[in-house]
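1. need a structure here:
(chains A, B and C)
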Amino acid sequence: MVIAKIFVLIVFFGILASLGSAMVYLVRDEGRADRTMWALTWRIGLSVLLFASLFVAYALGLIQPHGLTPTG
Amino acid sequence: MAHASDRYYVPHGSPWPIVGSVALLLLMFGIASTLNGAAIGKISMLAGAAVLLFMLFGWFGIVIKESVDGFYNQQVDRSFRMGMAWFIASEVMFFAAFFGALFYARQLSLPWLGGEGNNFFTNFLLWSGFENEWPSNGPAEIGGDFKAMGPWGLPAMNTAILLTSGVTITIAHHALRAGNRGMLTLFLGLTWVLGFLFVGLQGYEYAHAYHDIADGGLSLRLDSGIYGSTFFMLTGFHGLHVTLGATMLIVIWFRVLKGHFTPDSHFAFEGVAWYWHFVDVVWLGLFIFVYWL
Amino acid sequence: MSHTAEAHHDDHHDAPTGIKRWLFATNHKDIGTMYLVFSLVLFFIGGAMAMVIRAELFQPGLQFVDPGFFNQMTTMHALMMIFGAVMPAFVGLANWMVPLMVGAPDMALPRMNNWSFWILPVAFSLLLSTLFMPGGSPAGGWTMYPPLVMQTGDAFPFLIFSVHLMGMSSIMGAINIVVTIMNMRAPGMSLLKMPLFVWTWLITAYLLILAMPVLAGAVTMLLTDEYFGTSFFNAGGGGDPLMFQHVFWFFGHPEVYIMILPAFGIVSQIIPTFARKPLFGYDSMVYATASIAFLSFIVWAHHMFTVGMPLAGQLFFMFSTMLIAVPTGVKVFNWMTTMWKGSMTFETPMLFAFGFLFLFTIGGFSGLMLGITPADFQYHDTYFVVAHFHYVLVPGAVFAIMAGVYFWLPKWTGHMYNEKLGKLHFWLSAIFVNVTFFPQHFVGLAGMPRRIPDYATQFADFNMISSIGAFVFGASQLLFVYIVWSCVRGGEKATQQVWEGAEGLEWTVPSPAPHHTFEVAPEVK
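-> As a prediction, this is how the structure comes out:
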């Protein structure tokens, strides 16, 4: 349970890092190198991975979404 | 071009900023007056929005024209890139205020209202019987019964749509660098179509949330306590940014059709593409933190 | 430089004239001038409000205005002075001086520069218009704490939107300054060769970019709580009014440094000039500024020690606050050491810088007292707080701005100002700022609450002294307007270097600085 959540957070930080580094390359390379493009490719790849792993983790019962139960 | 690229381009003067200020005056006066119930407000608001649109067309138009005419050297290009980077930093902090509100409510104010820490008497005397839970509309149950928005169905589908648009823009990016204009046009076009599809589905999701439980909805509204507040503010501001990003995608799509970009000179494309990835990541963060963690 | 490039750029020199020059301005000097004039106007509007406050407090009992209007005056005075006078003045100085100091032809994004100025008159027209509305102006204090601020009448949305606009203006201005400094420096002007005014403004701009959007978020939540039924600051809905204070001060404390770091920069330019010695400990000044900026993001809750925080929170925020004294101390000692054995003269800018050093340090020390949690329980919301922040803002920020204006006025206008009158202005200001604010320490320690139009009779004497000081201080600022005005009109011709000990690129251009400077980047060795 907790490990699944930590995994989600780690991948999310990886996504943030690739997005951030893409911005750095965007400013530094001025469109003349491929580093921005590859950083953004990493970021979308990791995001798809995270999205898929949420489904897998749910199917394995490792993680539960909240907010399915009505309150009030 | 007669313009030397070894000089930093400084425009002679521009009417657009002052037009923008007039637009903001009309717009802000209009909204504020409308909130105060004055009839003049709506007219002023519409006029302000119209002038603002006029300003955006004019301002971006002149910048694109100057760019195409070769007025900008590498240094000007770098100024735009840095300016955008720091604008994004300010956007991140704007979202941080609302994410901060979400965390504060979940980690501090709701537990305190439930009597945690040294707040036993707060709970006992003021909100006897209230227990901390999430989602919550607070001890006074502001807004009445509601159902929380579940992650399955539309939210998951929307996430998939936005992620797909992230994939298509990445393919477009690779195509641009490879000089493959056909692929670029196709996948960039797909990206903005997916973007607007997301906005449309989000609107549908909101309508579903707003309907009464009795009518098959969720009775989840902006005034459904702190859950409704944070849910709609975060997703609402995000939706606004998606709309903005998709609009910018259309603009650069038309610029691609006109052949404005080359594999080595395409700041507008890179800027918008990055912005789109940013909006996508914010959504992913929302999806994870609002629905899962 | 090729001949065609030269020929092309000649047409940049026909500066637009008349109203278009100002409305359509893209020139950093014109925009800087507009910022400075705007801030001077707002300084007097905010000052007039302060005069109303001091007139009402001249004697105990209700004198001139009703308590509601008094509260409007305290709220509006703060908003005018912070967002209308001090911040635009610093941005104006940055507009004028940063491109000159780094050897840039202009600001990096000239059109946006114009917009960030012209948003300000819009914002303040909206805010000032509330004075004439039913229910009057906002009266819940500039900190806009809910639930009190929710009782504002028709003025409420105008308050929120004007704050949004001020934020937009500040963020755009800050982005422009960052990009100018990072991208437009002349060849050879490495980061650690930049004048300190440029350094402090760079760091201030980062603070603005990171702090202002948080304020925008906070006031947006106020707006939706008031009109759209959200519960961010409503405990009944699971929110917390206290949360606003946290979000607000997360912006508010960096804001405090936004208003003082550029002042540090100005003083760091002036003291070496008139001591005729290079600044002592340049590198440590840069690192100290950066440390202060970093710390400013982790001290915010010292503004709210009395709200009932967990003990760990109180301790953390007390110690982090104490830490700020270290880099600030580094700065003060560096300025003193710069003067040590210097060949000093005391022209007006130096007098103001010297006054700054002395009086700002007093404000810093009272801040240290307020930062001690148990002591703050006594001081909180008393006139001691008022005395503290006026010491850092008036003889701190405002004196530094005036020092900067006197320092650079000859470069802007090409004329020397009237030195005798300048000195008179300094002495009147320095004496009466103390007459105004020093007694407020005493009444505060004795328990006089702030933001109250009436008070117990034992505070009468000190309040009367304070009011007299305020009236004379206010009146003596008219002298400042006269000095600036007459300097613009004429006077002794200024040399290129202006001051004997002045060093830096800005002193290598003619006085007055031509409309366009450094179109060819200078070489810095």
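2. use CA for all of it now, contacts and neighbours both
-> Will do.
3. Spatially nearest residue to whichever residue of chain C sits closest to chain A (excluding sequence neighbours)?
-> Going by Cα to the nearest Cα, chain A is nearest to C:Asn183 of chain C, at 10.7 Å. Closest residue to C:Asn183 apart from its sequence neighbours, by Cα to Cα, 6 or more residues apart in numbering or on different chains: B:Ser79 at 6.5 Å.
4. so that neighbour is in which element?
-> Element membership of B:Ser79, judged by DSSP states H and E, is helix B:74-104.
5. buried sites along the helix or strand just after that helix?
-> Following helix B:74-104 in sequence order, the next helix or strand is helix B:110-113 (DSSP H and E). For helix B:110-113, burial by neighbour count (16 or more other Cα atoms under 10 Å in any protein chain shown) applies to B:Leu110, B:Pro111, B:Trp112, B:Leu113.
6. confidence score at residue 31?
-> If you meant another chain, say so; for now it's chain A. Predicted confidence (pLDDT) for A:Gly31: 74.
7. you looked at the wrong chain, it should be chain C
-> pLDDT, read off for C:Ile31, is 96.
8. Quick check: it vs A:Leu49, distance?
-> Distance, C:Ile31 to A:Leu49, using Cα to Cα, to the nearest Å: 50 Å.
9. Tell me which of those two has more neighbours.
-> The neighbour count for C:Ile31 versus A:Leu49, taken as other Cα atoms under 10 Å in any protein chain shown, is higher for C:Ile31 (27 against 12).
10. Please tell me I have it right and the residue nearest to C:Asn183 contacts C:Val179.
-> Yes. Using Cα atoms under 8 Å, B:Ser79 is in contact with C:Val179, at 6.0 Å.
11. quick check: mean pLDDT across the helix or strand where B:Ala273 lies?
-> B:Ala273 belongs to helix B:267-286 when assigned by DSSP H and E. Mean per-residue pLDDT for helix B:267-286: 92.
12. how distant is it from the center of its chain?
-> 10 Å (Cα atoms, centre = their mean, to the nearest Å).
13. Alpha carbons of the helix or strand containing C:Ala94, in CSV - could you do that?
-> Using DSSP H and E, C:Ala94 maps to helix C:87-102. Coordinates of the C-alpha atoms in helix C:87-102 are reproduced here as CSV (Å, rounded to 0.1, in the frame of the first residue of the first chain):
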residue,chain,number,x,y,z
MET,C,87,7.4,49.2,-5.0
PRO,C,88,6.9,51.4,-8.2
ALA,C,89,9.7,53.7,-7.0
PHE,C,90,12.1,50.7,-6.9
VAL,C,91,10.9,49.5,-10.3
GLY,C,92,11.3,52.9,-11.7
LEU,C,93,14.9,53.1,-10.4
ALA,C,94,15.5,49.7,-11.8
ASN,C,95,14.1,50.7,-15.2
TRP,C,96,16.4,53.7,-15.3
MET,C,97,19.6,52.2,-13.9
VAL,C,98,19.7,48.5,-14.6
PRO,C,99,20.2,48.8,-18.4
LEU,C,100,22.7,51.6,-17.8
MET,C,101,24.6,49.6,-15.2
VAL,C,102,24.8,46.3,-17.2
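14. Which parts of it count as buried, going by neighbours?
-> Quick answer for helix C:87-102 (16+ other Cα under 10 Å): C:87-102.
15. Show me what it is packed up against.
-> helix C:28-56, helix C:155-183, helix C:196-227, helix C:399-413 (3 or more Cα pairs under 8 Å, 6 or more residues apart in numbering or on different chains; DSSP states H and E).
16. what about the ones you listed, which gets the closest to C:Phe132?
-> Proximity to C:Phe132 (Cα to Cα) singles out helix C:155-183 among the helices and strands packed on helix C:87-102, at 9.3 Å.
17. Alongside chain C, which residues does the stretch 101-250 of chain B contribute?
-> Residues of the stretch 101-250 of chain B lying close to chain C (Cα under 8 Å from any Cα of the partner chain) are B:101, B:104-105, B:109-110, B:113, B:136-142, B:222-226, B:228-230.
18. Check these one by one and keep those near chain A.
-> Okay, of these touching chain A (Cα under 8 Å from any Cα), that's B:Ser136, B:Asn137, B:Glu141.
19. what number of residues lie near the last one?
-> As a burial measure, B:Glu141 scores 18 neighbours (other Cα under 10 Å).
20. Check the first one too.
-> Applying other Cα under 10 Å, we find 28 residues neighbouring B:Ser136.
21. Ok, the second one next?
-> B:Asn137 is flanked by 30 other residues according to other Cα under 10 Å.
22. Three-state assignment for it, please.
-> coil (DSSP: H, G, I helix; E, B strand; the rest coil).
23. now do the last one
-> For B:Glu141, the assignment made with three-state DSSP gives coil.
24. buried set for stretch B:199-208?
-> B:Val199, B:Leu201, B:Gln202, B:Glu205, B:Tyr206, B:His208.
25. could I get that stretch in CSV with only the CA atoms?
-> What follows is stretch B:199-208, C-alpha atoms only, in CSV (Å, rounded to 0.1, in the frame of the first residue of the first chain):
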residue,chain,number,x,y,z
VAL,B,199,-12.4,20.8,-22.3
GLY,B,200,-15.7,19.6,-23.6
LEU,B,201,-15.7,16.4,-21.5
GLN,B,202,-14.7,18.4,-18.5
GLY,B,203,-17.7,20.6,-19.0
TYR,B,204,-19.9,17.5,-19.2
GLU,B,205,-18.3,16.2,-16.0
TYR,B,206,-19.1,19.5,-14.3
ALA,B,207,-22.7,19.3,-15.4
HIS,B,208,-22.9,15.8,-14.0
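26. just to revisit the earlier point, pLDDT added to the buried residues of helix B:110-113, as JSON lines?
-> Compiled in JSON lines, the buried residues of helix B:110-113 are given as follows (pLDDT from 0 to 100):
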{"residue": "B:Leu110", "pLDDT": "93"}
{"residue": "B:Pro111", "pLDDT": "93"}
{"residue": "B:Trp112", "pLDDT": "92"}
{"residue": "B:Leu113", "pLDDT": "92"}
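27. What segments of chain A are helices?
-> Ranges of helices in chain A, per DSSP state H, are A:2-29, A:35-59.
28. Can you name the residues in contact with the helix holding C:Ala94?
-> C:28-29, C:31-36, C:38-40, C:105-107, C:173, C:177, C:180-181, C:184-186, C:189, C:194-195, C:197-198, C:201, C:258-259, C:262, C:401, C:404, C:504-506, C:517-518 (Cα atoms under 8 Å, 6 or more residues apart in numbering or on different chains).
29. Before I go, just wanted to say thanks for your time.
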